[in-house]
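Trainee: Here is my input; please provide its structure:
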Amino acid sequence: MKLFVEGGGDSNDLRTACRAGFAAFLKKAGLTGALPRIVACGSRGAAYADFCTAIANGQHAMLLVDSESAVLPTHQADQDKARWQPWAHLAQRQGDHWAKPDGAADNDCHLMVRCMESWFLADRQTLQLFFDPGFKLNVLPPPSRPVEDIDKEDLYQRLKTATAHCKTKAGYGKGEHSFKLLALIDSDKVTGASGWAKRFIDELKRRMGI
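Mentor: Alright, predicted model coming up:
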């Protein structure tokens, strides 16, 4: 099975780092046997296009992209997360308006809400250890705030500010740091803090026979 993910930009090195980061995260989440083939697609639009092509060709595939914005309660109201509606979110979101491709289902599509960096807030200890010394933990949104409720641009700005005076690393950069952090964070903390992350991991385990 192929997993088409948003991320990796246009460079081969960054796409390699993207694949490695997701592979490490998935292994920590309990996918200890065979992993899906992780395809780092670069932009979210490219990930959607590649996924649509795979589905049209009859391939087994899943899509993982940032939600970019809040998911409406009506699209995640069911107690059974497998019945949540990511395609409805992507269809109505300004800038996307993506249609669910013929042959695809809601459990083929998964969201990082609101972005991959939201997952980092679930494991602040690892985030601080990665950037210390000089990391300003108190700049981040308070732990009492649900990670999926934090605006993407606000989160990026807070990460930039929190890391501005780190002595051994430059300020947070998506290309330089994001996939290294993804490989280090505690997957159990992420799925405990994000219902959409748990939905993704649970469905992936089901498909991989775990």
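
Trainee: Return the residues in contact with Gly209.
Mentor: Contact analysis of Gly209 by CB atoms under 8 Å, 6 or more residues apart in numbering lists Gly33. C-beta: built from backbone N, CA, C; applies to glycine.

Trainee: From Thr161, how far out is it?
Mentor: Using CB to CB, to the nearest Å, we find Gly209 at a distance of 44 Å from Thr161.

Trainee: Beyond whichever helix in the chain runs longest, next helix or strand please.
Mentor: Using DSSP state H, we find that the single longest helix of the chain is helix 12-28. Next helix or strand after helix 12-28 toward the C-terminus (DSSP states H and E): strand 37-40.

Trainee: Now do that next one: everything it contacts.
Mentor: 1-5, 7-8, 14-16, 18-19, 22-23, 50.

Trainee: how many degrees apart are the lowest-mean-pLDDT helix or strand in the chain and helix 12-28 in direction?
Mentor: Within the chain, judged by mean pLDDT, DSSP states H and E, the helix or strand with the poorest mean is helix 174-184; its value is a mean of 94. Relative orientation of helix 174-184 versus helix 12-28 (axes from the mean of the first three to the mean of the last three CA atoms, to 10 degrees): 20 degrees.

Trainee: So for helix 174-184, what gets flagged as buried?
Mentor: By neighbour count on 16 or more other CB atoms under 10 Å, the buried set for helix 174-184 is His177, Ser178, Phe179, Leu181, Leu182, Ala183, Leu184.

Trainee: wait, what's in contact with the fifth one?
Mentor: Leu182 sits next to Gly21, Phe22, Ala24, Phe25, Met116, Trp119 when contact means CB under 8 Å, 6+ apart.

Trainee: run the last query once more with 7 Å
Mentor: Each residue near Leu182 by CB atoms under 7 Å, 6 or more residues apart in numbering is listed here: Gly21, Phe22, Phe25, Met116.

Trainee: Between those residues, which sits nearest Met62?
Mentor: Lowest distance from Met62 to these (CB to CB) belongs to Phe22, with 11.7 Å.

Trainee: wouldn't the closest one be in contact with Phe4 here?
Mentor: No. With contact defined as CB atoms under 7 Å, Phe22 does not reach Phe4; the gap is 11.0 Å.

Trainee: What are the boundaries of the helices in this structure?
Mentor: So, for the chain - with DSSP H - the helices run 12-28, 44-56, 86-92, 116-120, 124-131, 152-162, 174-184, 187-193, 195-207.

Trainee: Pick the most deeply packed of those.
Mentor: Burial of the helices of the chain is given as mean neighbour count (mean count of other CB atoms under 10 Å); helix 116-120 ranks first at a mean of 24.

Trainee: Now do it: distance to the chain's middle.
Mentor: Helix 116-120 sits 7 Å away from the centroid of its parent chain (CA atoms, centre = their mean, to the nearest Å).

Trainee: Which elements pack onto it?
Mentor: helix 152-162, helix 174-184 (3 or more CB pairs under 7 Å, 6 or more residues apart in numbering; DSSP states H and E).
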